[in-house]
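Undergrad: missing the sequence, but the structure's below:
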Ligand SMILES: Cc1cc2nc3c(=O)[nH]c(=O)nc-3n(C[C@H](O)[C@H](O)[C@H](O)COP(=O)(O)OP(=O)(O)OC[C@H]3O[C@@H](n4cnc5c(N)ncnc54)[C@H](O)[C@@H]3O)c2cc1C
């Protein structure tokens, strides 16, 4: 029996599984789709997510698929320069989400169980029973990462309040039989709500359209080449001719968030916990950060050494971050509406974002570099995570009794770094209190089980 079941083999579920396995747990990912998807909704990785992937040795496998390095993010299409962000990666990476997911999946110890759509969930005092692909699976805990239409959210009747869709859009990957010279020759930031076009490898183009026709059509209406042709002609003139539609999907600007991320032994992450307009490249990045925040806390809970409230601190820390993303994307969606009031507001905001302090504040937020939690001193910029999911103590004497949870390293600047890369102590008094606060009381004997399972101990982080 695995320690934890993960429902959903998207980037969030896969990284949650990776983090849990890294900490030595047995994990089974249950994925509805029979094959890994080649359809990538997200195309952008923010700096904090790049740091997280690099730190875990996952970036090298993504690198061959990088299509662009964008020196800026954007707020509703208003460029937000990343040049002075305090990170090794002051840019967004243009890379298809499917390659990020594949890079993580390739490093899982237990293969993803495919064709396993979750249809029922029951929990009791000891664990969770999940019916998936017609079979029952049992584990102590379930991570629900089954995406924006989460079945598990519905099965549990979890409240998902927010705002409904006001504007409907289509995302599609297409080939173009003809296009005006100079259009979509390179990656650029989106401008306006319709007619966004971006070149992808293999002669494909990513199109996003959201004109009048998209507002009239039903959410489940098939996307046709004719519909895309009309929308792209409206945006770019008659010199464009759509060839093949490789895949397409409708999406909207509904913004909703779970009131509680934890429901007993079921913990939600990624789009299953929060949805919003995918403007500014936030959703995938939020999901990845959810997983690294949750992984070590749930592992400690399973092992039985989690201090009181540690697992619930996942909700306390991550709920406000996604709530802020919902606020930001609602604002960006509002600024992008095709009406003169939105255009006026947009001009005012663009002026304000020319002020360095304002621009910097949005850059820190969009890039994930500014993510912080109560009681955290900052993110560790030069302390690689421990391969086995332990915390890292730099430049201080090894404390007795925490060796199974804390790796000690030499260094001039004392720091205690949580397994998700956030600094909770930086010298002076209080080390003992912080160790107890995050990692529980000291132990007399090492946790044997952990020592037996160090799946990635021989794989140092990539220098990618
Ligand atoms: C047009 C568009 C562009 C976007 N661009 C960006 C961007 O540039 N940057 C960014 O950060 N974000 C972007 N996003 C958002 C991003 O794609 C999502 O936030 C991201 O996919 C969330 O990952 P996830 O793993 O939580 O969910 P998903 O990727 O939806 O994965 C959920 C997985 O669960 C599986 N599943 C579903 N139901 C079940 C079930 N019952 N049982 C088992 N498995 C199930 C699904 O098959 C899927 O594999 C964009 C979104 C859209 C629509």
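TA: Structure received. In this text, all values refer to a predicted model and were calculated from it rather than measured experimentally. Numbering: from 1, shown residues only.
Undergrad: dump the residue contacts of the closest residue to the ligand within the stretch 351-464 of the chain.
TA: In the stretch 351-464 of the chain, the residue that lies nearest the ligand is residue 368 (9.5 Å; C-beta to the nearest ligand atom). Using the backbone N, CA and C atoms, a C-beta is placed for each residue, glycine as well. Taking C-beta atoms under 8 Å, 6 or more residues apart in numbering, we find residue 368 in contact with 46-49, 285, 289.
Undergrad: contacting residues for residue 285?
TA: 45-46, 48-49, 368.
Undergrad: thinking again about what came up before, quick one: the residue of the stretch 351-464 of the chain closest to the ligand and residue 386, what's the gap?
TA: 21 Å (C-beta to C-beta, to the nearest Å).
Undergrad: for stretch 13-30, how far is the first residue from the last?
TA: End-to-end distance of stretch 13-30 (C-alpha to C-alpha, to the nearest Å): 9 Å.
Undergrad: typo on my end, stretch 55-73
TA: 22 Å.
Undergrad: Same list, the contacts of residue 368, but as CSV with distance to residue 114 and secondary structure please.
TA: Below are the contacts of residue 368 laid out as CSV (distance: C-beta to C-beta, whole Å; DSSP: H, G, I helix; E, B strand; the rest coil):
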residue, distance to residue 114, secondary structure
46, 29, coil
47, 32, helix
48, 30, helix
49, 25, helix
285, 25, helix
289, 26, helix
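Undergrad: Name the nearest of the residues you listed relative to residue 269.
TA: Taking C-beta to C-beta as the measure, residue 289 is the one of these closest to residue 269, at 9.5 Å.
Undergrad: Surely the closest one and residue 371 touch.
TA: Yes - in this structure, residue 289 is within contact of residue 371 by C-beta atoms under 8 Å, at 6.6 Å.
Undergrad: More neighbours: which of the two?
TA: Shown here are residue 289 and residue 371; by other C-beta atoms under 10 Å, residue 289 has more neighbours (25 against 20).
Undergrad: List the residues that contact residue 25.
TA: By C-beta under 8 Å, 6+ apart, the contact set of residue 25 is 2-4, 299, 302.
Undergrad: and if you look at residue 252?
TA: Listed by C-beta under 8 Å, 6+ apart, the contact set of residue 252 reads 165-169, 219, 277.
Undergrad: The stretch 151-300 of the chain against the ligand: which residues are in contact?
TA: Residues of the stretch 151-300 of the chain that fall close to the ligand, judged by C-beta under 6 Å from any ligand atom: 151, 171, 251, 270-271, 278, 281-285, 287.
Undergrad: Looking at the residues you listed, which are in strands?
TA: Here DSSP state E is the test, and those give 171, 251 as lying in strands.
Undergrad: And the furthest pair within the residues of the stretch 151-300 of the chain next to the ligand?
TA: Maximum pairwise distance among these (C-beta to C-beta): 26.3 Å, between 151 and 281.
Undergrad: Can you tell me the SS state at the residue located most distally from the centre of the chain?
TA: Residue farthest from the centre of the chain, counting by C-alpha atoms, centre = their mean, is residue 238 at 38.1 Å. When classified by DSSP: H, G, I helix; E, B strand; the rest coil, residue 238 comes out as coil.
Undergrad: got a pLDDT number for it?
TA: Residue 238 carries a pLDDT value of 93.
Undergrad: just residue 443 next, same as before
TA: pLDDT, residue 443: 82.
Undergrad: neighbours around it, how many?
TA: Counted with other C-beta under 10 Å, the neighbours of residue 443 add up to 15.
Undergrad: Listing request: residues of the stretch 1-150 of the chain with sub-threshold pLDDT.
TA: Applying pLDDT under 70 to the stretch 1-150 of the chain picks out no residues at all.
Undergrad: For it, which residue gets nearest to the ligand?
TA: Taking C-beta to the nearest ligand atom, the stretch 1-150 of the chain has residue 10 as its residue nearest the ligand, at 2.1 Å.
Undergrad: The closest residue to that residue other than its chain neighbours: helix or strand, and which one exactly?
TA: Closest residue in space to residue 10, ignoring its immediate chain neighbours: residue 147 at 5.9 Å, by C-beta to C-beta, 6 or more residues apart in numbering. Using DSSP states H and E, residue 147 sits in no helix or strand.
Undergrad: correct me, but residue 147 touches residue 272?
TA: Yes - in terms of C-beta under 8 Å, residue 147 counts as a neighbour of residue 272; the distance is 5.9 Å.
Undergrad: any shared contact partners between these two?
TA: Both residue 147 and residue 272 are contacted by residue 8, under the criterion C-beta under 8 Å, 6+ apart.
Undergrad: hmm, back to that, what's the overlap in contacts for residue 289 and residue 371?
TA: With C-beta under 8 Å, 6+ apart, residue 289 and residue 371 have common neighbours 48, 321.
Undergrad: what about residue 437, which SS state?
TA: Counting by three-state DSSP, the backbone at residue 437 sits in helix.
Undergrad: Let me know the secondary structure of residue 13.
TA: helix.
Undergrad: So which residues of the stretch 151-300 of the chain form helices?
TA: Assigned by DSSP state H, counting those that start in this stretch, the stretch 151-300 of the chain shows helices spanning 151-155, 212-216, 225-236, 283-303.
Undergrad: okay, those helices, which one's buried deepest?
TA: Stretch with highest mean neighbour count among the helices of the stretch 151-300 of the chain: helix 283-303 (a mean of 25; mean count of other C-beta atoms under 10 Å).
Undergrad: Just give me how far that one sits from the chain centre.
TA: How far helix 283-303 lies from its chain's middle: 10 Å, per C-alpha atoms, centre = their mean, to the nearest Å.
Undergrad: and it, what's its mean pLDDT?
TA: Mean per-residue pLDDT for helix 283-303: 97.
Undergrad: between the helix or strand just after it and helix 283-303, how big is the angle?
TA: Once helix 283-303 ends, the next helix or strand along the chain (criterion: DSSP H and E) is helix 312-335. For helix 312-335 against helix 283-303, the angle by axes from the mean of the first three to the mean of the last three C-alpha atoms, to 10 degrees is 170 degrees.
Undergrad: Other residues contacting the helix or strand that comes right after helix 312-335?
TA: Once the chain leaves helix 312-335, the next helix or strand it forms, by DSSP H and E, is helix 340-352. Helix 340-352 has contacts (C-beta under 8 Å, 6+ apart) with 75-76, 78, 334-336, 358.
Undergrad: which of those residues are buried?
TA: Buried subset of the contacts of helix 340-352 (neighbour count, 16 or more other C-beta atoms under 10 Å): 75-76, 78, 334-336.
Undergrad: just those residues now: which is nearest residue 207?
TA: Checking the buried ones among the contacts of helix 340-352 against residue 207 with C-beta to C-beta, the nearest one is residue 336 at 16.5 Å.
Undergrad: any idea how far the closest one is from the ligand?
TA: Distance, residue 336 to the ligand, using C-beta to the nearest ligand atom, to the nearest Å: 14 Å.
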